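> What follows is a predicted structure for the sequence shown.
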Amino acid sequence: MELLNVTGVGVRTRPAAMIGILLCTVLLLGALSDLSAASNARAEAAFRLLQSDYPAVNAYRSDEGRITRIYGRAFGSGSSPEDAAEEFRVAYSAVLGAEASDLLPVSRLADGRHTQPVMYNSQTGESKFTLVYYSQFRDGLPVFRADVRLLVRNEPGYPVVLAASALRDLGDFSAANRSGINIGTSRNIVSIEHPTLTEFTEPKEVIWAGYDDINSEPIHAIVFEGFNDNSERWLFVADAGTGEILYQEDRIIFEDVPGNVSGLATEGSGAEHCEDEILMAMPYAEVNIGASQKYTDIYGDFLFKEIFASPVTVESPMTGEFFTIFNYLGSVEDMTQIVTPPDPANFTHNASNTEYIRSQVNAYIQSNVVRDLTLQHNSFYPAVSTQTGFPVYVNRNDGYCPGNAWYDPGDESLNFCATGSGYPNTAWSTVIHHEYGHHLVNMAGSGQGQYGEGLGDVMGLLITDESGTGFGFFGDCATPLRDANNTKQYPCGGEIHDCGQLLSGCVWDTRNELMVTYPGGEYQDTLANLAINSILLHTGNMITPQITIDWLTLDDDDANIDNGTPHREEICAGFGAHNMDCPALAYVSFEYPSGQPEIVNPNQTETIPVNVNAVAGTPIQGTGAMFISVDGGLFLPGVMDEVSPNQYEVVLPATDCGSIISWYVTAETLEGGTVSDPPDAPASSFSAVVATGSDVFFEDNFQTNQGWTVSSSAVDGQWQRGDPVGGGDRGDPANDYDGSGMCYVTDNTDGNSDVDDGSTTLYSPILNLEGINARISYARWYSNNMGDSPYADEMTIDVSSDGGGSWTNVEIVGPVDEASGGWYESGFWVNAYVTPTTNMQVRFVASDLGAGSIVEAGLDAFGVVAYTCEITYICGDADGSTAIDIDDAVYLIQYIFASGSPPDPLESGDADCSGAVDIDDAVFLIAYIFAQGPEPCSTCP
């Protein structure tokens, strides 16, 4: 029995424990469902706040609903990459389910550094991006493999263009008063399940809150490894108190790719029987004369400038600056020559071309090849740029041998098998590239799994420019073990090596598209640059369309992937062929250089610049149009003047205070007719309230009873205020919306407790909104998607201006849309439906009518915002001078009789409060100034 099996990772249990584990599993699944729903709801609420600041930002959600990528247009800036990242951390950590205070500037890189250059340009000597890391901690403990990586462009303003997150929502979990750890029990459990593990590392305390697609409530845990001398190494996460194993992972990343590279050094990409051997340079190789040491250059050349007595002994061991070769079956080839200066010392390793030495040469050369390619495209790649003496073991006949190769993250080594049982020696080109790919994944802080297998194959593809990995494994030199030229589709849930071909397939098809664009060969540089740097953005073990987003973001040149990237067409074709589609592009994009106002001044026009930019289509000049609705009226054409080709100015009209102006814009394209912004206009539109300010008039998070009442004709499922206890397993919310704890739900009871055979109605307290321009907002939950007749019922929201004597419907939820659970923000302008009075009330009606269905509803975060209309002018000050004098009377006479400019606002000239500006107002002012008449507006009702 396997309770947990993630990419080859399993926890095995014995039959005697099965009943208890099954019971625990049932309880755990219910708890995790609550946890996940609440966490996602909080993150979605925070994401909507982010969108309000950056409307074009997008999010990628995992299968569990967690936001794991934020992308699209730039969504932050600062004075430096670190400052921009810090601004995001402080303001928007909640979008990723974390508290800002839990995120510390620490990475999972080998040296723990906070920043990492990305996309190095060898011509300018600078990097296109800086990747800024934060790791998640709580009460001094790290959260297991939980971090966020913020990609910042190195340009003025330092825009933040991507957030790659593996963070976890810890809720109110605290580890401050944690008890001791129980490593003994954990090791005993491991010893039963893995009796061959004989050595254990010291445990480290962590917080376990899940990993990848595993969800878990936060718990105080420990992490340790078990290993032995036979190439076994496992990582374990255990409950610190009970010792229970929570997660385990095979740390030996091995490869079912047998093969061999024959000769002095094997040419090409096949096994020993498939290729010839040619003389290849051994770059960076160590050369010694006594205590003096040199390393060869990329051509294998070296030069000692010291003065030596002749003759001298020159040594060439099977090691170099960056890699050290170990022969499992004996010593490595260590060559010496005696030469008389200035005669050269030329060495040819594997001159006799035998298997055990050939594997040493192949491993040394190809390890350096893949390292060089990595640093060519990111000279600051974590660990790789500074690592020396990397161990490479060849000719192994233990562990997983024969017919395998693996990467061991414990000692960070590559391991290759000797010939045996019909398998070739596995130290050959694409196998070596593949295993080093696992090292790159590990150093970048990503998980392995299917992603690591796919990326390993990608490294071979980038170097050989061939689709196959492991040619000759089965004897046929034309047949690879795996092939990037495939039709694998996302999602892939099979064996990790097989599913790894999903990623290599995407890269290979992108390569084919780039080759058409760049037939001269530069396509390889573009492909490798994107592939290698994308490793730094990946989290977890899976291959998902997040990778497509990562590639587009790295490729982008203007901090906005919504308007395309330089190689979008090729990337989208390559990844799209495997159901790893790019985010969609509109034909055009609408840009608002000055933003979109939420409040505009009364009786004044508001000019808003709008640019219509070509994206996937071509906008037709002069076709921009604006449509305006005032106070819910019909949308009518407004003013949208073209000031230059496809650059416009729209004008919101001068409108009385308290009005609501709704508007949208359109433009025509050569390819696709008319495009609107918002895209679904007029169903959606931009809006601005005409006011001088706003105040929160009423808000209720339901922590206390503020006068709500309930009536019901249903036999069950009445509205109740409380902390949801139903667990979220029958359409009910597992948690409230705003995180305060309390909300209204229908029958706050676990189990079969939904609305049955009738309606239940929740009434707000009476609200005095007379004379107020108010917007009522709320978060609602509705589910009717289960039972015998799903998607048949509705929830209605109504407003009354006479204390419930009559009702006007403002919203109907369902029967299908937004009727499968989930919290949604909604609201309405009161005066769009009724005239505000002193006796306003809102009701929420959830019903189960007709055939039976499971109906659940919820309400939270109810609020009323009042927009104010303060008088900002002096009555009688017709000329706007801030003083009332004879000039104002003259100004009115010129306006009335000589077509002079009107008072601004017009009301400032209505000195006698007649409702009209006329000669009587001028006479009124003269009487006030010269005859001690009444003050302007003193007689207003």
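Arrived safely. Numbers count the residues shown, from 1 in each chain.

> Can you list the residue ranges for helices in the stretch 201-350 of the chain?
Counting by DSSP state H, counting those that start in this stretch, the stretch 201-350 of the chain forms no helices at all.

> so where's it shaky on pLDDT?
In the predicted model, the stretch 201-350 of the chain carries pLDDT under 70 at residues 253-263, 306-309.

> how about 50 then?
Within the stretch 201-350 of the chain, the segments meeting pLDDT under 50 span 255-263.

> where do the strands sit along it?
204-211, 214-227, 233-239, 245-250, 253-255, 286-289, 292-295, 312-316, 323-327, 335-339 (DSSP state E, counting those that start in this stretch).

> wait, which of the ones you listed is closest to residue 789?
Nearest to residue 789, of all the strands of the stretch 201-350 of the chain, is strand 214-227, at 31.6 Å by Cβ to Cβ. Heads up, the C-betas are built off the backbone N, CA and C, glycines and all.

> so what does that closest one touch, helix or strand wise?
Using 3 or more Cβ pairs under 8 Å, 6 or more residues apart in numbering; DSSP states H and E, the elements in contact with strand 214-227 are helix 18-53, strand 141-153, helix 183-193, strand 199-200, strand 204-211, strand 233-239, strand 245-250.

> Centre of the chain to that strand, how far?
24 Å (Cα atoms, centre = their mean, to the nearest Å).

> Only the C-alpha atoms, please, for that strand, written as PDB.
What follows is strand 214-227, C-alpha atoms only, in PDB (Å, rounded to 0.1, in the frame of the first residue of the first chain):
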ATOM      1  CA  ILE A 214       0.800  17.900  -1.900                       C
ATOM      2  CA  ASN A 215      -1.300  19.900   0.500                       C
ATOM      3  CA  SER A 216      -0.900  19.700   4.300                       C
ATOM      4  CA  GLU A 217      -1.700  21.700   7.400                       C
ATOM      5  CA  PRO A 218       1.500  23.300   8.800                       C
ATOM      6  CA  ILE A 219       3.300  21.200  11.300                       C
ATOM      7  CA  HIS A 220       6.600  21.300  13.200                       C
ATOM      8  CA  ALA A 221       8.800  18.800  11.300                       C
ATOM      9  CA  ILE A 222      12.400  17.600  10.800                       C
ATOM     10  CA  VAL A 223      14.300  16.800   7.600                       C
ATOM     11  CA  PHE A 224      17.100  14.300   7.400                       C
ATOM     12  CA  GLU A 225      18.700  11.900   4.900                       C
ATOM     13  CA  GLY A 226      19.500   8.200   5.100                       C
ATOM     14  CA  PHE A 227      22.200   6.700   2.900                       C
END
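
> Run the angle between that strand and strand 233-239 for me.
Relative orientation of strand 214-227 versus strand 233-239 (axes from the mean of the first three to the mean of the last three Cα atoms, to 10 degrees): 130 degrees.

> who's in contact with stretch 900-909?
Here stretch 900-909 makes contact (Cβ atoms under 8 Å, 6 or more residues apart in numbering) with 602-604, 873-880, 888, 891-892, 894-895, 917, 921.

> Buried residues in it, which are they?
Buried residues in stretch 900-909, counted by 16 or more other Cβ atoms under 10 Å: 903, 905, 907-909.

> and the end-to-end length of that stretch?
Stretch 900-909 has an end-to-end distance of 13 Å (criterion: Cα to Cα, to the nearest Å).

> With stretch 514-522 instead?
Stretch 514-522 has an end-to-end distance of 9 Å (Cα to Cα).

> can you check stretch 278-295 too?
By Cα to Cα, one end of stretch 278-295 lies 22 Å from the other end.

> Surely residue 450 is in a helix?
Yes. Assessed with DSSP: H, G, I helix; E, B strand; the rest coil, residue 450 lies in a helix.

> Now it: closest residue in space, sequence neighbours ignored.
When the adjacent residues along the chain are set aside, residue 450 lies closest to residue 499, with 4.0 Å between them (Cβ to Cβ, 6 or more residues apart in numbering).

> Under a three-state scheme, what state does the one you found occupy?
Criterion first, three-state DSSP; result for residue 499: helix.

> what sits against it?
Residues near residue 499 by Cβ under 8 Å, 6+ apart: 450, 453-454, 488, 492-493, 543.

> Just the ones in helices from these, please.
In helices, judged by DSSP state H, the following of these are found: 450, 453-454.

> can you redo those as a markdown table with pLDDT, neighbour count and distance to residue 236?
Below are these laid out as a markdown table (pLDDT from 0 to 100; neighbours: other Cβ atoms under 10 Å; distance: Cβ to Cβ, whole Å):
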| residue | pLDDT | neighbour count | distance to residue 236 |
| --- | --- | --- | --- |
| 450 | 94 | 25 | 22 |
| 453 | 96 | 32 | 22 |
| 454 | 96 | 29 | 26 |
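
> residues near residue 107, how many?
Per other Cβ atoms under 10 Å, the neighbour tally for residue 107 reads 22.

> Over to residue 83?
Residue 83 has 15 neighbours, counted by other Cβ under 10 Å.

> ok, the closest residue in space to it that isn't next to it in sequence - contacts?
Closest residue to residue 83 apart from its sequence neighbours, by Cβ to Cβ, 6+ apart: residue 158 at 7.1 Å. Neighbouring residues of residue 158 by Cβ under 8 Å, 6+ apart: 77-81, 83-84, 130, 152.

> on that earlier part again, give me the distance between the residue nearest to residue 450 and residue 248.
For residue 499, the distance to residue 248 equals 20 Å [Cβ to Cβ, to the nearest Å].

> can you give me the helices in the stretch 751-900 of the chain?
Under DSSP H, counting those that start in this stretch, the stretch 751-900 of the chain gives helices at 886-897.

> picking up where we left off before, could I get the contacts of residue 499 as CSV with distance to residue 362?
CSV is the format used below for the contacts of residue 499 (distance: Cβ to Cβ, whole Å):
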residue, distance to residue 362
450, 27
453, 21
454, 23
488, 29
492, 31
493, 35
543, 29
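
> If we only consider those residues, which is nearest to residue 421?
Nearest to residue 421, judged by Cβ to Cβ, of these is residue 453 at 22.9 Å.

> does that closest one really touch residue 495, like I thought?
No. With contacts counted by Cβ atoms under 8 Å, residue 453 stays clear of residue 495, the gap being 9.1 Å.

> Please type out the PyMOL selection for whichever of the contacts of stretch 900-909 turn out to be buried.
Of those, the buried ones go into a single PyMOL selection, burial set by 16+ other Cβ under 10 Å:
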select buried, resi 602+603+873+874+875+876+877+878+879+888+891+892+895+917+921
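
> since we're on residue 367, how many residues are nearby?
23.

> before we move on, back to that, tell me the most buried of the strands of the stretch 201-350 of the chain?
Comparing those by mean neighbour count (mean count of other Cβ atoms under 10 Å), strand 253-255 ranks first with a mean of 25.
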